[in-house]
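> fold the following for me, if possible:
(2 chains)
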Amino acid sequence: MEFVLSLIVLAAAVAVIAAPLRRGSHSNPTVAAELASLDAAKEAKYREIRDAELDFRTGKLSAGDYRSLDHALRAEAIELMRRLDAAREAAGGRPRA
Amino acid sequence: MLNSGRVCLTFALLIALYGIAVSLYGARRGERNWVDSGRRAVYALAGVLTVAFVILEAAFLRSDFSFALVGSHSSTTTPTFYKATAVWSSQEGSLLLWVWLFAIWSSLVLFATRRRLREIAPYATAILLGFAAFFAALVVFLASPFELADPAPAEGAGLQPLLRHPSMMVHPPMLYSGYTLFAVPFAFAAGALVARRLGTDWIAAMRRFALAAWFFLGFGILIGARWSWSELGWGGYWAWDPVENASLMPWLTGTAFLHSAMIQERRGMLKVWNVSLVLATGVLAVLGTFLVRSGILDSIHAFGASTLGKPFLGFIIVLVIGSVVLVVTRLDALRPEAHFEALLSRESIFLLNNLVLLGLCFVIFWGTFFPLISEAVTGQRASVGPPWFDGYTVPLAIALVFLSGVGPVIAWRRATLRNARRNFRLPLAAAAAAALALMLVPDIRREPPALLMFCAAAFVFAAVAQELWRGTRARRATSGESAPRALASLVRRNRRRYGGYVVHAGVAALFVGVAASSTFQHVRDVRLSPGQTANIGGYDIRYVRATSELSPEKITLGALLELRKDGRRVATLMPNRGYYPSRDPTLGPMARYFDGEATSEVGLDAGLRRDVWTAVEPDIGAMRRMIDGIDRRFPLAAGESATVLLGAIADRYAARPPPASLRLIVSPMVEWIWLGGLIGVAGGLVALWPAPGAARRRASVLRAARLDRELSRA
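As a prediction, the model looks like this:
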């Protein structure tokens, strides 16, 4: 009984671990990492834009400060999107429509 | 099933070593299939350890004393609930719980990030498996939970009486979940440093898991404090014990990281600071585990002296040196992408809050390790007590609470003085009103630290309320929703922000409880006979009569107390002390109960304004003649006859009790600690709860569309 249980555990573990080794490996993690990093930065920038808007609407920023901050954040976001498009193009993918 | 358990642990060690090798090989060669195999090794590890854990748990539930661990930590008379929890009452079982939870959490994180962080993940996987290999090696070679008892005893020793509390089911798993989850951001930070991929993605991905670790560890600490207050007979919830401190240190650095990570995520700043914080938090989590297990510092929570100290120390040294080398050699890749724009901004407040949190951590670290430091320097071991800790932590805690109110009302990037003045008006008015009202109370006026803490808390409550109100008003203005619906929408759409604010309010409430209960507590030790009354903190406590009870596991002696205020009955309290039999064969059949271990059951009348806490210590010395007399006359009494004789002692105690020693405490606002903690937990859950995928995608698409329009105009 104990021997059978041990064998089952071993067989299941080997099956789980060995599955990826039966297929080939084709990926370029450097490009993927670059895209992921830019994508995360873009999402963070969107959040920053939204937070600035909420800061303004809850009275923490004056209208003038908000306008200049929002403008700066949007410019940063646009720059990020440009870099993201360039990275996608370099990776052989399509840039955003 | 002992052999199956051992085989599973050996498989676990081999799987971990295999996973490390293939993850590093796959990363170096850029071969995805080997990397995937390494990741799947973590899943397999979790599966194999689950089987091992189930085997051990089943042995405890079946009272299978052929497992040495079951015989030494459980018995047939141990209630089933405590049989289930007894698994992690031992060094060996708790190590298995640690590595099992670690494998489960690591699997979940690696599964959730399997399509992201592809350059970092192989190194992070190897580091996670390094942790797992270390702990698996401990349970395979040094502290195996699958040791054979030969011959198997007919009866076990039972679970240590102090651990027979419902919190035993939740407190250790919560703490271990916190510790093990903090190892995950550590591994990914180290992986990011090795791979030199120090952009925004790893910190954005890890923030949620660091928050989960913070949540579990904080909840575990809170439950531990509550357990101490409601069960242990010393009358406190925090003793600055080394093991308690060890759990608080990673929580503090983790809290600092959760704040400063936001700055890196948004601005690409504080990169060195953040990786250092994550790495320090991971090391402190292992340090906490080390302190519980090594026996190098005296603690009621530690497992006592063991052979695990040296391996743990070696592991911690490797972690510290590895972390320092990685940070120093990657300084060029950790350059900030931006700088602080203004001194008055939320970023600055977060940085200040980080410094206070680290200050707290340093004070606690110094006080905890002072016995070792003093021994190394002077050759004599000296320790510092609660007054030393209080001297430093109280001002830092006041500053921390105050800053937790400043952060929410100040804008990101830059805040003008004019806006700041407007936003600070209400919180400052609330703090001033609290100060004026409290100054009228002479007791509070004489305690400036408590007064300052109450004012800081009033500041936080007003700041958070103002933020929720203004946010709701802004939401109503754009959506036309009713106020409750607008508030719900606001929180749902900004979970991190408003969940965090709720946590701040909870922390402020918690510190109000700590300040009030520690400053204005009344404590009295009295010796009373039935019919006598003691007065404490405006309450009369009358010892009405003695109580006694017999169960298969223990004999319980106690007191029925009547609590009165101004002549009016408030509550009936029944503190007692349970006596569990010793296994020492040289003791007589009755004496073994009273010379074994005993636990206190506290008589507690809890309320938002104050807790009245009572514990009793029956005078066993006065019963000794009777106990010894029975033992002399019936030295072989066992089973039913022993029960009858024990019943006679119980009846005699209830009928003619000697005077009992009572500890009486009236402590104001203790419940605020638990209430504040629960508010913090609720806020943590709000922040942790993932935004619905569809809503997140919709928000991103909408924002991208708006930016696209600008892009086309640019």
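> can you pull the contacts of the nearest residue to residue B:382 once chain neighbours are set aside?
Spatial nearest neighbour of residue B:382, chain neighbours left out: residue B:374 (4.3 Å); criterion: C-beta to C-beta, 6 or more residues apart in numbering or on different chains. All C-beta spots, glycine's among them, are computed from the backbone N, C-alpha and C. Going by C-beta atoms under 8 Å, 6 or more residues apart in numbering or on different chains, residue B:374 touches B:380-383.
> same thing but 10 Å
Contact partners of residue B:374, counting by C-beta atoms under 10 Å, 6 or more residues apart in numbering or on different chains, are B:380-384.
> can you turn the buried part of those into a ChimeraX selection?
Per 16 or more other C-beta atoms under 10 Å in any protein chain shown, the buried members of the contacts of residue B:374 correspond to this ChimeraX selection:
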select /B:384
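> for the contacts of residue B:374, give me a markdown table that also has pLDDT and secondary structure.
Output for those, formatted as a markdown table (pLDDT from 0 to 100; DSSP: H, G, I helix; E, B strand; the rest coil):
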| residue | pLDDT | secondary structure |
| --- | --- | --- |
| B:380 | 86 | coil |
| B:381 | 84 | coil |
| B:382 | 86 | coil |
| B:383 | 86 | coil |
| B:384 | 89 | coil |
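> closest to chain A out of the contacts of residue B:374?
Lowest distance from chain A to the contacts of residue B:374 (C-beta to the nearest C-beta) belongs to residue B:384, with 42.2 Å.
> and the helix or strand bottoming out on mean pLDDT in chain A, which residues are buried?
Lowest on mean pLDDT, DSSP states H and E among the helices and strands of chain A sits helix A:29-57, with a mean of 83. Within helix A:29-57, the residues that count as buried by 16+ other C-beta under 10 Å are A:29, A:31-57.
> does chain B have contacts with that helix?
Yes: interface with chain B: helix A:29-57 contributes A:29-57 (C-beta under 10 Å from any C-beta of the partner chain).
> where does the prediction get shaky in the chain?
Here I'm looking at chain A. Low-confidence segments of chain A (pLDDT under 70): A:24-30, A:93-97.
> look at chain B instead
B:295-306, B:692-714.
> go with 80
Across chain B, the ranges flagged by pLDDT under 80 are B:231-234, B:293-307, B:338, B:340-343, B:413-416, B:637, B:691-714.
> you'd agree the residue nearest to residue B:382 is in a strand?
No: using DSSP: H, G, I helix; E, B strand; the rest coil, the assignment for residue B:374 is helix, not a strand.
> quick one, helices of the stretch 501-650 of chain B?
Listed in chain order, the helices found in the stretch 501-650 of chain B under DSSP state H, counting those that start in this stretch are B:591-594, B:620-633, B:639-655.
> now for residue B:177: which residues touch it?
Contacts of residue B:177 by C-beta under 10 Å, 6+ apart are B:97-98, B:101-102, B:104-105, B:212-213, B:215-217, B:219-220.
> repeat the analysis, applying 7 Å as the threshold.
Neighbour list for residue B:177: B:101, B:105, B:216 [criterion: C-beta atoms under 7 Å, 6 or more residues apart in numbering or on different chains].
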